[in-house]
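1. Would you be able to build a 3D model of this:
(chains A and B)
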Amino acid sequence: MKLQRVRAMARKEWWHLLRDPRSLALMLLMPTMLLFLFGYAIRLDIHEAPLGVLQESRDAESNALTAAFDASRAFHVVRYFENRRQLQETLTRGEVWAALVVPADYARDLEQGMARVQLLVDGVDANTARLLRNYALALANDYALSLGQESPPVRIEDRTWYNEAKESRLAIIPGVIAIVMAVIGALMTSLTIAREMELGNLVMLRTTPLTRSEFLVGKLTPYFVIGMTDLLVAVLAAVFVFDVPLRAPVGGLVLVSALFLLVVMLQGAFLSIAAGNQLLASQMSLVSTFLPAFLLSGFIFAIENMPLVLRVLTHVVPARYYVKLSKAIFLKGVTPLLLWEQVAALLVILVVLTGMTLRRGRRLGLLP
Amino acid sequence: MGRILHSLVRLRALFAKEFLLLLRDPRMRFFVIVPPLIQLVVFGYAATFDVRYAEIGAVDQAMTAETRALLSAVAAGGHYRIQYFADMAQAGAAVDHGDIRAVVRFAPDFERDRTIQLIGDGSDSNSAQMILGQLKQSLRDSLDQGNGAASLLELEDRAWFNPNLDDRDYFVPGIMANVVLIATMILMAMSVVREREHGTLEQLLVTPLARVEFLLGKIIPVACIGLFDVLVISLIAVLWFDVPFRGEALALLVGSGLYLMSALGLGLLISSYASTQQQAVLLAFFLIMPLVILSGFAFPIRNMPEGVQVLTWVDPLRYYLVVVRDIFLKGAGLGDHGFEYAMMALLGVSAMGLSLLRIR
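-> Have a look, this model is predicted:
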């Protein structure tokens, strides 16, 4: 590999990028804009969920329980129902997420020490339903204690490490960076080689002493620079705008990010060569990056809950390793060394992809 | 009459050309048809927020019969596999490494102090909340059983429409919506700009083809592929994933048609803005990601800040998700979602109108 020829190739690619400022602007701005949008939009925790209440008897005890639900951070009472039918209609329309039913003899039962109330939740969004149920159970327990139930013989104390306030934002933003970069990295490179093949520019390159690997390195260098800039801006935004703590030295993050970026760029380059035209290349890279990175990386859906076949499949999704690394580096403050298996897996994928790309690269018709 | 006939002849020629272009290359044929199906099956299994299985750690420094009984009760629930650690330092290292999601700790003076400590890994806050909630409940249950004491206030909970709180019924229709969007939007976004990049757009412009015919010729073949995907995916959802289909099939067809109209309208708009295929792909992607994230597919819209909620109004996927979920799960019919249908139609017509103005 001759540096001079790589440089010439990279320079040509730069020219090409600069001549299409719209694409360049998209590549540079998209990650940050997406991060901002998602950083604000994605909340898994629930505040003030709309709650409807059916009090079969409006006595002081029943009012007090309703007030306790309304006062909590999780619920907000928006409707008082007259009867079951109203409750049913409102819950079906989705105007309330849950309904609390306080039976007519609640006050009497409470006196006797065995009151029951009912919580009906809209189960269509199962996750929200589960969270609401957890909040309501905790609320009912606390309320019983405040009414003078003897405190239970054993206390259960819970804490959430690395994220004491249980803010889903902190856990999600490092993952969002991974998803966005997985897609941008692959998309940037997936079209560039296919375009040369589609438009026939490669024929001219065949007459030059440029080799396959020089072509690839030169071609990818400018995109690597753009990708690293994107990553840097995203990390700065995460830390300074979204207050995600970066608890480990930034060097580790930069290194694994560079490794991950190389992997996804090579993935794009491989697909680009394999497809040979831009339409197919874009389909392939979109199919193989966005939804896999979104759904199979452990970003929001925990991998250990998936069936065995899928758990095996997640091992070829590079985002899986990077999501784990970036969450750990940001929140847990560990260095990549502690998670060396993840780094090693990315390295293995990198080596395999390089081999595959060079092999496939034969069809470019350049010197070996 | 004659004019319409001529128009139909021209459209037929254009359809033939577009279908040929889309389906001529066997790899393209494969990529248009197979991935949506694979994606549904794969992601149908992957998408769940429920924690049915997790590795958790236990640090039992009290070592009494009671603590051992409590821990084995937790393990007996079947949700958790328990790894034992001698002290918190070791358990903490395992959490750092990501081996375990939570720790249950009994301090040496548990007999006196009567406090159980639960620690969750907040780097995945949703799972942490689920696991801590479940652990608390199961510990509380086995403690109550031991005491024979009943709680003063019992909360009985029931989930409507989905009694087992199965995520799959909720996510599978949503995944269908996403998969169809991704499969068709890129095709659409590339359609006009490809002709422009190859210079064939000029050739088409000198034919008697009208602008509207040209756009219809572009949209309808892709819409057919989209509807085909909807059909096959719905069958898989019902037959393979056992998602109930309680509503009207006609409503699904109309809803999907309007959805494709709005999604493809956006794709066409991209195609009219982009000057190269690369720009088109980047732009399409720039649009697809927010459309998915803001749709309420995985993240409830009501939890978003007001400003972001306003943005979701122009997201056709948002309306389609409501429609398909209600058709599948709540038994909605054609008369039920007038507002959603109208919004999708409005978005579709405006996007197509804009592209019509832009493509000359």
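2. Got the phi and psi for B:Glu202?
-> Main-chain torsions, B:Glu202, degrees, to the nearest 10: phi -60, psi -40.
3. Pull the number of nearby residues for it.
-> 10 (other Cβ atoms under 10 Å in any protein chain shown). (Each C-beta comes from the backbone N, C-alpha and C, glycine too.)
4. go on, B:Gly338?
-> For B:Gly338, the neighbour count with other Cβ under 10 Å is 9.
5. ok, A:Arg159 touching B:Gln117?
-> Yes. Applying Cβ atoms under 8 Å as the test, A:Arg159 and B:Gln117 come out as touching, 7.3 Å apart.
6. Neighbour count for these two, which is higher?
-> Higher neighbour count among A:Arg159 and B:Gln117: B:Gln117, with 17 against 14, using other Cβ under 10 Å.
7. beta partners for the more buried one?
-> Beta bridges link B:Gln117 to A:Glu157, B:Arg105 when assigned by DSSP bridges.
8. For it, list the residues it contacts.
-> A:157-159, B:103-107 (Cβ atoms under 8 Å, 6 or more residues apart in numbering or on different chains).
9. Can I have the buried ones of those as a PyMOL selection?
-> A single PyMOL command is used to select the members of these judged buried by 16 or more other Cβ atoms under 10 Å in any protein chain shown:
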select buried, (chain A and resi 158) or (chain B and resi 103+104+105+106+107)
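10. Strands of the stretch 101-250 of chain B, start to end?
-> Taking DSSP state E, counting those that start in this stretch as the test, the strands found in the stretch 101-250 of chain B are B:102-106, B:115-121, B:153-160.
11. what residues does stretch A:60-74 touch?
-> Contacts of stretch A:60-74 (Cβ under 8 Å, 6+ apart): A:46-49, A:51, A:53, A:55, A:75-77, A:100, A:102, A:106-107, A:110, A:117, A:132, A:135-136, A:139, A:143, A:146.
12. If we use 6 Å, what do you get?
-> A:46-47, A:53, A:55, A:75, A:77, A:102, A:106-107, A:110, A:135, A:139, A:143 (Cβ atoms under 6 Å, 6 or more residues apart in numbering or on different chains).
13. what comes up buried for it?
-> Applying 16+ other Cβ under 10 Å to stretch A:60-74 flags A:61-62, A:65-66, A:68-69, A:72, A:74 as buried.
14. B:Leu47 and B:Phe285: what is the separation?
-> I think there's a mix-up here, since residue B:47 is Ala and not Leu. B:Ala47 sits 21 Å away from B:Phe285, taking Cβ to Cβ, to the nearest Å as the criterion.
15. out of everything not next to it in sequence, what's closest to the residue of the stretch 101-250 of chain A found nearest chain B?
-> Residue nearest to chain B within the stretch 101-250 of chain A: A:Asn163 (2.7 Å; Cβ to the nearest Cβ). Closest residue to A:Asn163 apart from its sequence neighbours, by Cβ to Cβ, 6 or more residues apart in numbering or on different chains: B:Gly122 at 2.7 Å.
16. and if you look at B:Val243?
-> B:Ala237 (4.5 Å).
17. what residues are up against the residue of the stretch 101-250 of chain A closest to chain B?
-> A:Asn163 touches A:170, B:122, B:125, counting by Cβ under 6 Å, 6+ apart.
18. From those residues, pick the one nearest B:Gln278.
-> A:Leu170 (34.8 Å; Cβ to Cβ).
19. what's the following helix or strand after the helix or strand A:Met228 falls within?
-> Using DSSP states H and E, A:Met228 maps to helix A:212-240. Sequence-wise, the next helix or strand downstream of helix A:212-240 (DSSP H and E) is helix A:250-275.
20. does any bit of that following helix sit next to chain B?
-> No. Shown here: helix A:250-275 not in contact with chain B (Cβ under 6 Å from any Cβ of the partner chain), separated by at least 7.4 Å.
21. Check the gap between the residue lying closest to B:Asp113 once chain neighbours are set aside and B:Thr64 for me.
-> Residue nearest to B:Asp113 in three dimensions, not counting chain neighbours: B:Ala107, with 6.4 Å by Cβ to Cβ, 6+ apart. Distance, B:Ala107 to B:Thr64, using Cβ to Cβ: 12 Å.
22. can you check A:Glu196 too?
-> Relative to B:Thr64, and taking Cβ to Cβ, A:Glu196 is found at 72 Å.
23. Could you check which of the two is surrounded by more residues?
-> A:Glu196 (19 against 12).
24. Help me confirm that that one is found in a helix?
-> Yes. Judged by DSSP: H, G, I helix; E, B strand; the rest coil, A:Glu196 forms part of a helix.
25. Can you pull out the residues in contact with the helix or strand of chain A with the lowest mean pLDDT?
-> Taking mean pLDDT, DSSP states H and E as the measure, the helix or strand of chain A with the lowest value is strand A:155-161, at a mean of 71. Here strand A:155-161 makes contact (Cβ under 6 Å, 6+ apart) with A:166, B:115-120, B:122, B:128, B:132, B:136, B:139.
26. on that earlier part again, what's the mean pLDDT across the helix holding A:Met228?
-> In this model, helix A:212-240 has a mean pLDDT of 91.
27. circling back: give me the neighbour count for the residue nearest to B:Val243.
-> Neighbour tally, B:Ala237, other Cβ under 10 Å: 24.
28. pretty sure it is touching B:Gly174, no?
-> No. At 10.5 Å, B:Ala237 and B:Gly174 do not qualify as touching, with contact defined as Cβ atoms under 6 Å.
29. Kindly report the residues of the stretch 101-250 of chain B close to chain A.
-> B:114-120, B:122-128, B:132-133, B:136, B:139, B:143, B:151-162, B:165, B:167, B:170, B:186, B:190.
30. pretty sure B:Met185 contacts B:Gly267?
-> Yes. With contacts counted by Cβ under 6 Å, B:Met185 reaches B:Gly267, the gap being 4.4 Å.
31. what angle sits between the least confident helix or strand of chain A and strand B:115-121?
-> Between strand A:155-161 and strand B:115-121, the angle comes out at 20 degrees (axes from the mean of the first three to the mean of the last three Cα atoms, to 10 degrees).
32. Could I get the buried residue list for the one helix or strand A:Gln4 maps to?
-> Take DSSP H and E as the rule and A:Gln4 turns out to sit in helix A:3-19. Using 16+ other Cβ under 10 Å as the test for burial, helix A:3-19 gives A:5-6, A:9-10, A:13, A:16-17.
33. Now look at it and say if it contacts chain B.
-> No. Remark: helix A:3-19 sits outside contact range of chain B, by Cβ under 6 Å from any Cβ, the gap being at least 9.9 Å.
34. Could you measure from the closest residue to A:Thr354 other than its chain neighbours over to A:Leu279?
-> Closest residue to A:Thr354 apart from its sequence neighbours, by Cβ to Cβ, 6+ apart: A:Leu266 at 6.2 Å. Distance, A:Leu266 to A:Leu279, by Cβ to Cβ: 21 Å.
35. Show me which of the contacts of B:Gln117 is closest to A:Thr314.
-> B:Val103 (24.7 Å).
36. Find me the pLDDT at the closest one, would you?
-> For B:Val103, pLDDT reads 90.
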